[in-house]
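Asker: just coords:
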């Protein structure tokens, strides 16, 4: 239990720094954009309504974003760039970050323990499992690249005919 608590505490500290830093960078980027040539676009009524909605309702989105993969950085950056008040952002950061740290500490340590036992007891099976995961990852990447490249390669053929 001490190992999980120590890992969760370290991960919590890391996520607070990372997400809080992303929020701060977003805040600075938003401030810079408000002084740039985009200032007239940012001051439009539509943008102002979106900004007020994020300031008011964005905290639950920020908190839940920690349970996703790949969305949490965008959510924290947008919360900063849209000037979400700290009184709303910080509770979302603390709750979402705690959930993230606990999930990764418990599940992450569990996976590492299983992999450690697998490699210690049946090394060949462990190596085969890792190789299968690497091949699966490469296959997914290749499939996605082909799928996104297919419409681009089909378009010139249609123009030539």
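Answerer: Perfect, I can see it now. The structure displayed is predicted, hence computed values, not measured ones.
Asker: Hmm, residue 55 and residue 82 touching each other?
Answerer: Yes - the pair residue 82 / residue 55 is scored as a contact, 6.6 Å apart, by Cβ atoms under 8 Å. Every C-beta, even on glycine, is put in place using the N, C-alpha and C of the backbone.
Asker: What distance do you get for the nearest residue in space to residue 88 that is not next to it in sequence to residue 114?
Answerer: Of all residues not flanking residue 88 in the chain, residue 59 sits nearest, at 4.4 Å (Cβ to Cβ, 6 or more residues apart in numbering). Distance check for residue 59 against residue 114: by Cβ to Cβ, to the nearest Å, it reads 36 Å.
Asker: Looking at those two, which is more packed in?
Answerer: residue 59 (22 against 11; other Cβ atoms under 10 Å).
Asker: Let me see the contact set for the more buried one.
Answerer: Contact analysis of residue 59 by Cβ atoms under 8 Å, 6 or more residues apart in numbering lists 84, 88-89, 91-92.
Asker: what about the longest helix in the protein?
Answerer: Secondary structure assigned by DSSP state H gives helix 123-160 as the longest helix of the chain.
Asker: And that helix, what does it pack against?
Answerer: On a contact count with 3 or more Cβ pairs under 8 Å, 6 or more residues apart in numbering; DSSP states H and E, helix 123-160 meets helix 86-121.
Asker: helices or strands up against the lowest-mean-pLDDT helix or strand in the chain?
Answerer: Ranked by mean pLDDT, DSSP states H and E, the helix or strand of the chain with the weakest confidence is helix 39-42, at a mean of 71. Packing partners of helix 39-42 (3+ Cβ pairs under 8 Å, 6+ apart): helix 2-34.
Asker: quick one: buried residues of the helix it packs on?
Answerer: Buried residues in helix 2-34, counted by 16 or more other Cβ atoms under 10 Å: 7-8, 11-12, 15-16, 19-20, 22-23, 26-27, 30.
Asker: Can you give the distance of the helix or strand following the least confident helix or strand of the chain from its chain's centre?
Answerer: Next in sequence after helix 39-42, counting helices and strands by DSSP states H and E, comes helix 45-65. Using Cα atoms, centre = their mean, to the nearest Å, the mean C-alpha position of helix 45-65 is found 18 Å from that of the whole chain.
Asker: And the average pLDDT for helix 45-65 is what?
Answerer: What helix 45-65 shows for mean pLDDT is 79.
Asker: Next, the angle helix 45-65 makes with the next helix or strand after it.
Answerer: Using DSSP H and E, the helix or strand that follows helix 45-65 in sequence is helix 72-81. For helix 72-81 against helix 45-65, the angle by axes from the mean of the first three to the mean of the last three Cα atoms, to 10 degrees is 140 degrees.
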